[in-house]
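Trainee: Predicted model follows, preceded by the sequence.
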Amino acid sequence: MTKKIVVTGMGATSPLGGNVRDSWNALLAGESGSHTLEHEWVEELELPVKFAAEAKVRPSEVLERPVAKRLDPSAQFALISAMEAWADAGEPDVDPERLGVDFATGIGGVWTLLDAWDTLRAKGPRRVMPMTVPMLMPNAASAAVSMHFHARAFARTVASACASSTESIANAYEHLQLGLADVIIAGGTESAIHPITVASFASMQALSKRNDSPETASRPYSIDRDGFVMGEGAASLVLETEEHALARGARIYAELAGSGVTADSYHITANDPEGGGASRAVTLALAQAGASPDDVTHINAHATSTPVGDIAEYAALRKVFGDRVTQIPVSATKASTGHLLGGTGALEAVFSILAIQDRKAPPTINLTTQDPEIPLRVSGETQALGDGPQLVVSNSFGFGGHNAVAAFRSV
């Protein structure tokens, strides 16, 4: 029997705010989290891109120092978002052996790794911290969340680039269906605004280079878009079966109705231009939800603001929705948050759920002249979603051809 999986808690720390509500309010207000980077290494290393969307609230403002010093920033963000989600869910009283963690990152502890390398070269091996490996490993975030909440059912990690955290949400759906846990903390995190990643993304012509206007640099669907903006942060969902949630009297935000995960098997960085793998992921998510394309009322698009990526996603959506794709309210929230890489899908899942709650599709800022090759229903203003049942699709696509889609339904 298929179980109904529901969302009972949400947490986030993002370039727009240090929690879910602040991030959502800033998104609706059309704010941008992108700013000029105020680090000496930007000028010292002559980086071609001098801006990014850093988390608005630093982990040091939230976590106690003894906790923070043993975690890479990516794991710090993960723990902060999970703590908010857990409190928001009412701190469920659950057997630790029935509590699981499905968490994700695209890159992991890059700051720890490269700081340790610098220390080794400058000061020798004796000065390298003994906690370096536990801090840099990609599963560190999942482990930190598991240990903090004594989650002993499992603590699993996904690393599928920018599809990572949506894939973790998909895994959580399956794990709950299989009865492997009663409650799961799922999400994703990233803290990779580092000289090496900025330089690398810039070298492959993936980043916007609008150094003179960071706030308007991310402009999905605009004809003059020139690349994405790096972001950082994390988001978490508390997921459980409806039966379990109702038994403990939990507030339910929405149903995680279905998910789909596919691979392009096309190119290590480029999307399949015809959108084959992406469209199959959307179709799988709808099938798992027992829904048709006509049921979808809103799409939170991957929409990174790259010249070819946005068009490929449109091609995928058109395969699924046909001509109706021009009538569905679409939001490209990376215009405001930047691209959180492995954390982006979880944050956009939170935004998708809040869109259902508030009946509002958030605005897509910086939309100057919309690309005529992408005739989606996108707006620089909030779009009303109406009073009827809602089914929202949230897309995430990553380097390596990874595609992950989650579908959320109103309850």
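Mentor: Looks like it came in fine. Numbers count the residues shown, from 1 in each chain.

Trainee: what sits against the residue positioned nearest the centre of the chain?
Mentor: Closest to where the C-alpha atoms of the chain average out (C-alpha atoms, centre = their mean) is Thr344, at 1.9 Å. By C-beta atoms under 8 Å, 6 or more residues apart in numbering, the contact set of Thr344 is 162, 165, 188, 190, 231, 334, 337, 396. In this view, the C-beta of every residue, glycine as well, is placed from N, C-alpha and C.

Trainee: Now do Leu237: how many residues are near it, please.
Mentor: Leu237 has 33 neighbouring residues, counting by other C-beta atoms under 10 Å.

Trainee: hang on, it packs against Ala85?
Mentor: Yes: look at Leu237 against Ala85 with C-beta atoms under 8 Å: they come within range, at 6.3 Å.

Trainee: Can you pull the residues that touch both of those two?
Mentor: 9-10, 185, 187.

Trainee: Which PyMOL command selects the buried ones in those?
Mentor: Filtering those down to the buried ones (16 or more other C-beta atoms under 10 Å) takes a single PyMOL command:
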select buried, resi 9+10+185+187
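
Trainee: Narrow the shared contacts of Leu237 and Ala85 to those in strands?
Mentor: 9-10, 185, 187 (DSSP state E).

Trainee: hang on, the earlier thing: please identify the buried residues of the host helix or strand of the residue nearest to the centre of the chain?
Mentor: Here Thr344 sits within helix 344-358, counting by DSSP states H and E. Using 16+ other C-beta under 10 Å as the test for burial, helix 344-358 gives 344-356.

Trainee: For that helix, give the mean pLDDT please.
Mentor: Averaged over helix 344-358, pLDDT sits at 98.

Trainee: Next secondary structure element downstream of it?
Mentor: Following helix 344-358 toward the C-terminus (DSSP H and E): strand 360-361.

Trainee: helices and strands around that next one, which ones?
Mentor: The contact analysis (3 or more C-beta pairs under 8 Å, 6 or more residues apart in numbering; DSSP states H and E) places strand 360-361 against strand 329-331, strand 383-384.

Trainee: In JSON lines: these, plus distance to His267.
Mentor: As requested, the helices and strands packed on strand 360-361 are exported to JSON lines (distance: least, C-beta to C-beta, whole Å):
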{"stretch": "strand 329-331", "distance to His267": "25"}
{"stretch": "strand 383-384", "distance to His267": "33"}
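
Trainee: Please identify which of these is closest to Thr216.
Mentor: Nearest to Thr216 among the helices and strands packed on strand 360-361 is strand 329-331 (17.3 Å), distances taken as C-beta to C-beta.

Trainee: Now rank the contacts of Thr344 by neighbours and give me the top one.
Mentor: Gly188 (40 neighbours).

Trainee: Now do the residue lying closest to it once chain neighbours are set aside against Thr157, distance only.
Mentor: Leaving aside its sequence neighbours, Gly188 sits nearest to Ser165 (C-beta to C-beta, 6 or more residues apart in numbering; 2.3 Å). From Ser165 across to Thr157, the span is 11 Å (C-beta to C-beta, to the nearest Å).

Trainee: could you pull out the strands for the stretch 1-150 of the chain?
Mentor: Listed in chain order, the strands of the stretch 1-150 of the chain (DSSP state E, counting those that start in this stretch) span 5-13, 35-36, 51-52, 99-105.

Trainee: Packing partners of the last one?
Mentor: Going back to what we said before, that points to strand 99-105. So strand 99-105, by 3+ C-beta pairs under 8 Å, 6+ apart, packs with helix 73-88, helix 140-149, strand 154-158, helix 164-177, strand 183-190.
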